[in-house]
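Undergrad: Just need the structure, nothing else, for what follows:
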Amino acid sequence: MDGKAPHLLPLSLSEAKKKIRDDVPLVCGWALLNAFATLCGVASGYIADYIHVSCSQSSFILPCIELTDAEAARLIALCVGLLCCAPFQAAAAALALLLPCRRRRARRALAYLALAVTILFHCMYASAVWVFLAADLGYIFGRIYFTTGLCFFVVGDLLSFRVLLGGEGWGMKYVAYFF
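TA: Numbering: from 1, shown residues only. Predicted coordinates for the structure are as follows:
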């Protein structure tokens, strides 16, 4: 180059590199938080069963709820499903976080998988709560507490989905349809 001819690439290397927004860690953090909360909830249930925490009908926090055989069978099946979701959530989220950043499609696919399993977990959790609330219609504290928790889960799932769609990929034009 003689100094008078313009460069073929007028942008410098720093200007040519654009910052790629990566929202996978946020969604994976939501999935890992839910998997960890599942393990803590199961552990606290086992601890309460081990030390024989007593319930009373007059207690508004821990009432005695009598389940029929069909409700108990459904609840056991849902709890097994909940326990099976937690490792898949954690595995998909951990793999998405551990993959190198240059594998963006694989990371996003694993983040979508972790979010899908998290949403499945929340649906099964809502069904298990429904079994308890249907068994004891007078449990007002439980209705308020569990409804608030389920609303928190729905908002977290929708925001995580919006974050994944709002990345630099194909979903950017569809974000306006959801919010």
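Undergrad: biggest helix in the protein, by residue count?
TA: In the chain, taking DSSP state H as the definition, the longest helix is helix 104-135.
Undergrad: helices or strands next to that helix in the packing?
TA: For helix 104-135, the packing partners by 3 or more C-beta pairs under 8 Å, 6 or more residues apart in numbering; DSSP states H and E come out as helix 24-50, helix 69-98, helix 140-165. Backbone N, C-alpha and C define where each C-beta goes, glycine included.
Undergrad: the inter-axis angle of it versus helix 69-98?
TA: 160 degrees (axes from the mean of the first three to the mean of the last three C-alpha atoms, to 10 degrees).
Undergrad: how far does helix 104-135 sit from the chain's center?
TA: 6 Å (C-alpha atoms, centre = their mean, to the nearest Å).
Undergrad: Let me see the mean pLDDT of that helix.
TA: Average pLDDT, helix 104-135: 91.
Undergrad: Report the angle between it and helix 140-165.
TA: Using the same axes, to 10 degrees: helix 104-135 against helix 140-165 is 170 degrees.
Undergrad: Next, the buried residues of helix 104-135.
TA: In terms of neighbour count (16 or more other C-beta atoms under 10 Å), helix 104-135 has its buried residues at 104, 107-126, 128-129, 131-132.
Undergrad: ditto for stretch 78-87
TA: Under 16+ other C-beta under 10 Å, the buried positions of stretch 78-87 are Leu78, Gly81, Leu82, Cys85, Ala86.
Undergrad: which one of the residues you listed is nearest Arg162?
TA: Cys85 (21.9 Å; C-beta to C-beta).
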